[in-house]
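>>> Fold the following and give me the result.
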Amino acid sequence: MREICLVAIGSARPVSIPVDPMPAHYVHITIAANVAFDLASMQKVTASVLGKLGCPSCHSGFVLTYDIERQFIANERLQVFGLATS
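The predicted model follows:
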């Protein structure tokens, strides 16, 4: 970690502060289109993901990225399902 050494006004002691930002932890969330365009659903998804990360009300240290589901599979009955669907 790189540091900068400063002398605070009125202090004879140097103070070291980190200059590297806290590393971000990226979380990728794939969602269905009908969820993506509904604010209440997005809030529920976000709270659920944050709960799995340890705190349902904040995402400090995490960068959440959302992507609309674009991978699908069709079975022998021609039923189409998203790959992210569980």
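>>> close enough to count as contact, Tyr66 and Ile31?
Yes. Counting by Cβ atoms under 8 Å, Tyr66 touches Ile31, with 6.0 Å between them. (Each C-beta comes from the backbone N, C-alpha and C, glycine too.)
>>> Overlap in contacts, those two.
In the contact map built from Cβ atoms under 8 Å, 6 or more residues apart in numbering, the residues linked to both Tyr66 and Ile31 are Met42.
>>> check contacts around Ser48.
Pro56.
>>> Then the one 10 residues further on?
For Cys58, the contacting residues are Leu50, taking Cβ under 8 Å, 6+ apart as the criterion.
>>> Please name the nearest non-neighbouring residue to Leu50.
Pro56 (4.9 Å; Cβ to Cβ, 6 or more residues apart in numbering).
>>> Leu64 versus that neighbour, what's the distance?
13 Å (Cβ to Cβ, to the nearest Å).
>>> that older thread, who's more crowded, Tyr66 and Ile31?
Neighbour count, other Cβ atoms under 10 Å: between Tyr66 and Ile31, Ile31 has more, with 19 against 15.
>>> need the contact list for the more buried one.
42, 45, 66-69, 84.
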